[in-house]
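In: Take a look and give me a structure for this.
(one chain, ligands or ions: 2)
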Amino acid sequence: MSTPHNSAAPGQIAKTVLMPGDPLRSKFIAEHFLDNPVLVNNLRGVQGYTGSYHGVPVTVMASGMGMPSIGIYSWELFKFYDVDNIIRVGSAGAYTADLNLFDVFLADAAYSESTYALVQGGNTAHTLYPSAALNAKLEKAAAKLGIELHEGTTHSSDVFYRANDGYLQDVILNHHCKVVEMESFALFANAAVLHKNAATILTVSDSFVTHQETTPQEREESFTRMMQVALEAAADQSL
Ligand SMILES: O=P(O)(O)O[C@H]1O[C@H](CO)[C@@H](O)[C@H]1O
Ligand SMILES: O=c1cc[nH]c(=O)[nH]1
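Out: Ligands and ions are numbered 1, 2, ... in the order given. As a prediction, this is how the structure comes out:
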């Protein structure tokens, strides 16, 4: 059964899905890392490919930007395509000075001011958590590949452009957020409601401290260490 937003046929989506925000990052991962990638969805240009990595079926499909968008795509993958694991592979802004461009960051929590979890399932929590088992696989994969992982809380924000940065002080000081992106809280909320597994691995694309930033092409093509960690975890048969 296809959905309003996904034209893949039943069985065309693997049990584990890597989910970048950017459809072109989805295409890049599929073309550079998957064996025999097949385009299984392209509705709205949200590219989804299924292939294999080290012999294990893996799908890579974009989420689009923001919680409403990943809320739709991840719900449909979990609920209608029987996906077990979604690993978000995203970019993030660093709030703290210890993080540099291209550092790889594993979210051990997602804080958000969003009402997504409340409206979606009546959950009043503003901090939600990834799958501990999936995070353990990602840590194991990073160690195997010799890739350093920074860990901490991500701020899942509804706002990319801010009129001023006053609000961020509360997020950084009181909620201990180290990076900001825009999807993990909704992904974790859907996974919790549907009893599925979700995790988020991010690459630092810009810094709120140094004001350095990567280019759009680098965001699409250069975050390969994060991609390899996620793929290695996806191919871990014990998931
Ligand atoms: O690079 P992606 O995965 O899209 O993630 C980040 O980039 C977008 C904003 O530029 C938001 O989606 C944010 O979460
Ligand atoms: O600053 C940033 C960078 C990536 N994603 C965000 O949401 N914010």
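
In: What is the least confident helix or strand in this structure?
Out: The helix or strand of the chain with the lowest confidence, counting by mean pLDDT, DSSP states H and E, is helix 216-221 at a mean of 83.

In: buried sites along that one?
Out: Residues of helix 216-221 classed as buried: 219, 220 (neighbour count, 16 or more other Cβ atoms under 10 Å). C-betas here are computed from N, CA, C, even on glycine.

In: Report whether the helix or strand containing residue 106 contacts ligand 2.
Out: Using DSSP states H and E, residue 106 maps to strand 104-111. No. Using Cβ under 6 Å from any ligand atom, strand 104-111 never reaches ligand 2; the gap is at least 11.2 Å.

In: in the helix or strand just after that strand, what's buried?
Out: Next along the chain after strand 104-111, taking DSSP H and E as the criterion, comes helix 116-121. Across helix 116-121, burial judged by 16+ other Cβ under 10 Å covers 116, 117, 120.

In: Same check on stretch 107-118?
Out: Buried, per 16+ other Cβ under 10 Å, within stretch 107-118: 107, 108, 109, 110, 111, 112, 114, 116, 117.

In: just the strands in this structure please.
Out: In the chain, strands defined by DSSP state E lie at 16-19, 35-41, 48-53, 56-61, 85-94, 104-111, 127-128, 149-156, 177-181, 197-207, listed in chain order.

In: so for the fourth one, what's the average pLDDT?
Out: The average pLDDT for strand 56-61 rounds to 98.

In: and that strand, C-alpha only, in CSV?
Out: C-alpha atoms of strand 56-61 as CSV (Å, rounded to 0.1, in the frame of the first residue of the first chain):
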residue,chain,number,x,y,z
VAL,A,56,21.9,-6.1,4.4
PRO,A,57,18.9,-4.3,2.9
VAL,A,58,18.9,-0.6,3.8
THR,A,59,16.6,2.3,2.7
VAL,A,60,17.7,5.9,2.6
MET,A,61,14.8,8.4,2.4
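
In: List the neighbours of it that are in contact with it.
Out: The contact list for strand 56-61, computed with Cβ atoms under 8 Å, 6 or more residues apart in numbering, reads 6, 13-20, 26, 29-30, 34, 37, 40-41, 46-52, 73, 77, 83, 231, 234-235, 237.
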